[in-house]
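J.: Pasted the sequence and its predicted model underneath.
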Amino acid sequence: MWRVLLMAALAVLLQLVGLLVLALPASLEGQVLYLFDDAHAISALDGAGVVLLILGCLIAWGAGVVWQRRMYAS
């Protein structure tokens, strides 16, 4: 089951990095992609953080699928 463990560890790592990127202060977030007002904006690293979170979730879901196929194989 090393494949499932590797996928799960990668998923957790990607989600943690995605959350850390989203938590960066505004001075480190890079280019502003969309400006709502003076206090709210979407920057380049916000988009990267969202992509990392989605990728981590998809890999975690894939690890669950692989685990179920191995556990319930006929």
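T.: That came through, no problem.
J.: Now the phi/psi pair for I42, please.
T.: Dihedral angles of I42 (phi, psi; degrees, to the nearest 10) stand at phi -110, psi 120.
J.: Assign a three-state SS to the residue lying closest to it once chain neighbours are set aside, would you?
T.: Leaving aside its sequence neighbours, I42 sits nearest to Y34 (C-beta to C-beta, 6 or more residues apart in numbering; 4.4 Å). Bear in mind the C-beta positions are built from the backbone N, C-alpha and C, glycine included. Under the three-state scheme (DSSP: H, G, I helix; E, B strand; the rest coil), Y34 adopts strand.
J.: And the helix or strand encompassing A9, what does it pack against?
T.: In this structure, A9 sits in helix 2-22 according to DSSP states H and E. With contacts taken as 3 or more C-beta pairs under 8 Å, 6 or more residues apart in numbering; DSSP states H and E, helix 2-22 sits against helix 44-71.
J.: can you give me the mean pLDDT across the helix it packs on?
T.: Averaged over helix 44-71, pLDDT sits at 94.
J.: Give the buried residues for it.
T.: 45-46, 48-49, 52-53, 55-56, 59-60, 62-63, 67 (16 or more other C-beta atoms under 10 Å).
J.: now, among those, which is nearest to V17?
T.: L52 (5.5 Å; C-beta to C-beta).
J.: Please determine how far the closest one is located from V32.
T.: From L52 across to V32, the span is 19 Å (C-beta to C-beta, to the nearest Å).
J.: Taking the centroid of this structure, which residue is nearest it?
T.: L53 (1.7 Å; C-alpha atoms, centre = their mean).
J.: Now do the closest residue in space to it that isn't next to it in sequence, the pLDDT please.
T.: Excluding the flanking residues, the one nearest L53 by C-beta to C-beta, 6+ apart is G18, at 3.8 Å. Looking at G18, its pLDDT reads 96.
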